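Trainee: How does the following fold in three dimensions:
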Amino acid sequence: MTTPLVRLGPSPQLGPELRRRARRHPGVWIANGAVAVALVGIVSAAITTPGFGWDVVGPYLFEVRVLHGAAISVGMTIVTMVLAIGLGTGVAVLRMGRARGPAMAAAVFIWVFRAVPMLVQLLFWYNLAALFPTLGIGIPFGPDLVSGSTNTLITPLSAAIIGLTLHETAYVAELVRAGLLSVPKGQTEAFAALGLTPTQGFFRITLPQALRIIVPPLGNEVISLLKATSLVSVIALSDLLYSVQLIYAKNYQTIPLLIVASIWYMAIAGLLTLAQQQLEKRLARRTPKQAKRLAVAP
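Mentor: Numbering: from 1, shown residues only. Down below sits the predicted model:
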């Protein structure tokens, strides 16, 4: 026997309609006022203090050397992150593999390149000629088939890319491993029941779900890498920071030129943040649709 549903409505016995009134929070008003006062003070100090040199910031913001340095920084970030994603994915797969030898080698790689500071790695690769004057490919304990001077092969740019890539590979490997571990193991049985091969299941089911976990911290790594490219100035590579250093070494406008570099870093980081948000939204829409298509697949 089923019980009929009764729709409840307003009752005249409950008296006049209750009106919801917003609660007053004096603490919120005080906090907002303090933030507003602080912002006004910061803007006022930035405008009235002559040392900021805004009349110098404007002309140098699009100066040729500054634009060239910004392009070098962005280029290093893109090349390094592409290499780190490819190598990091391979290291993560080895780390999660059943073979103990490759898994231990991957674990040691991650430990070493996460432990050694990035600046130390950059200086090490830049001074590799002190350890190996020549680099070559040949037969073990035999003659070299191809060889060359280390100073010629390891330029400041190549040393920067090698150091940044190895450092980022260790972090990307851990991000990829965390994303893959977040996918339930039952998904393997699911794509096997659908008749998919392990490779098809990985790229069509496992990876799309893992990307939703990987992309947010990976976006933060890209922005951190952009800022870390400023470290290559110690090996005399003309990135954004080194370019402005060369300029203010001549005109002694240190603070205005540092503000120019900061504006470019913030602008590029803002664009990367927008790209990350769009990618996250696209992955959030794509994964449910992809799961639905696989559910109805024969």
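Trainee: Quick check on residue 149: phi, psi?
Mentor: phi -70, psi 140 (degrees, to the nearest 10).
Trainee: now residue 269
Mentor: The phi/psi pair for residue 269 (degrees, to the nearest 10) reads phi -60, psi -40.
Trainee: and if you look at the one 5 residues further on?
Mentor: Reported as degrees, to the nearest 10, the phi and psi values for residue 274 are phi -60, psi -40.
Trainee: in the stretch 101-250 of the chain, what spans have low per-residue confidence?
Mentor: 138, 141-145, 188-189, 191-192 (pLDDT under 70).
Trainee: mind listing the helices for it?
Mentor: According to DSSP state H, counting those that start in this stretch, the stretch 101-250 of the chain carries its helices in the segments 118-126, 150-153, 156-182, 186-193, 198-201, 207-228, 240-251.
Trainee: Make TSV out of those helices and add mean neighbour count.
Mentor: Every residue, glycine included, has its C-beta placed from N, CA and C. Converted to TSV, the helices of the stretch 101-250 of the chain look like this (neighbours: other C-beta atoms under 10 Å):
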stretch	mean neighbour count
helix 118-126	18
helix 150-153	14
helix 156-182	21
helix 186-193	13
helix 198-201	13
helix 207-228	18
helix 240-251	19
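Trainee: Compare these and give me the one nearest residue 74.
Mentor: Residue 74 sits nearest to helix 207-228 of all these, at 7.5 Å, using C-beta to C-beta.
Trainee: I'd like to know which elements the closest one is packed against.
Mentor: Counting contacts by 3 or more C-beta pairs under 8 Å, 6 or more residues apart in numbering; DSSP states H and E, helix 207-228 packs against helix 64-96, helix 156-182, helix 254-295.
Trainee: which of those sits most buried?
Mentor: With neighbours taken as mean count of other C-beta atoms under 10 Å, the helices and strands packed on helix 207-228 reach their highest mean count in helix 156-182, at a mean of 21.
Trainee: could you check the angle helix 207-228 makes with that one?
Mentor: Here helix 156-182 points in a direction 150 degrees away from that of helix 207-228 (axes from the mean of the first three to the mean of the last three C-alpha atoms, to 10 degrees).
Trainee: now residue 212: how far from residue 285?
Mentor: 11 Å (C-beta to C-beta, to the nearest Å).
Trainee: Show me what stretch 257-266 is in contact with.
Mentor: When contacts are defined by C-beta atoms under 8 Å, 6 or more residues apart in numbering, stretch 257-266 is touched by residues 52-53, 56-57, 60-61, 66, 70, 226-227, 230, 240-241, 244-245, 247-248.
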